[in-house]
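Visitor: Test case, fold it:
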Amino acid sequence: MNDKTKRYTVKCQVCGKEIGDTSKPDFAEQHINENPGHLEYRVIVEMISPAVPDPQPTLNAANGAQK
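Guide: A predicted model of the protein is given here:
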């Protein structure tokens, strides 16, 4: 898999701030320097596949059913 098939989101567990550039190994360095006690992060990896459409709410107009 190449980098275009994965999307990384990093969030500080202490303040909830999303860390921007995750392409570098020291992605949290600036945040830690500004907030020395913020040492816990959650990394979410989304696998992006062109075969799977984006999950969006659907409305089935033919049946009148709504989700």
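
Visitor: ok, Tyr8 touching Arg42?
Guide: No: contact criterion C-beta atoms under 8 Å: Tyr8 and Arg42 do not qualify, at 11.0 Å. (C-beta placed from N, C-alpha, C; glycine too.)

Visitor: Between the two, which has more neighbouring residues?
Guide: Applying other C-beta atoms under 10 Å to Tyr8 and Arg42 shows that Tyr8 carries more neighbours, namely 14 against 10.

Visitor: Excluding chain neighbours, what is closest to the more buried one?
Guide: In space, and not counting its chain neighbours, Tyr8 is closest to Thr22: 4.4 Å by C-beta to C-beta, 6 or more residues apart in numbering.

Visitor: and that neighbour, backbone torsions?
Guide: Per-residue torsions, Thr22: phi -100, psi 10 (degrees, to the nearest 10).

Visitor: Same check on Lys24?
Guide: The phi and psi values for Lys24, taken as degrees, to the nearest 10, are phi -110, psi 150.

Visitor: The protein: strands as residue ranges?
Guide: 6-12, 18-19, 41-47, 59-60, 65-66 (DSSP state E).

Visitor: So for Glu34, which of those sits nearest?
Guide: strand 6-12 (10.7 Å; C-beta to C-beta).

Visitor: Of the strands of the chain, give the one that comes closest to Asn35.
Guide: Ranking the strands of the chain by distance to Asn35, with C-beta to C-beta as the measure, places strand 6-12 first at 7.7 Å.

Visitor: mind listing what the residue sitting nearest the centre point of the chain touches?
Guide: Centroid-nearest residue in the chain, with C-alpha atoms, centre = their mean: Thr9, separated by 3.1 Å. For Thr9, the contacting residues are 18, 22, 43-44, 46, by C-beta atoms under 8 Å, 6 or more residues apart in numbering.
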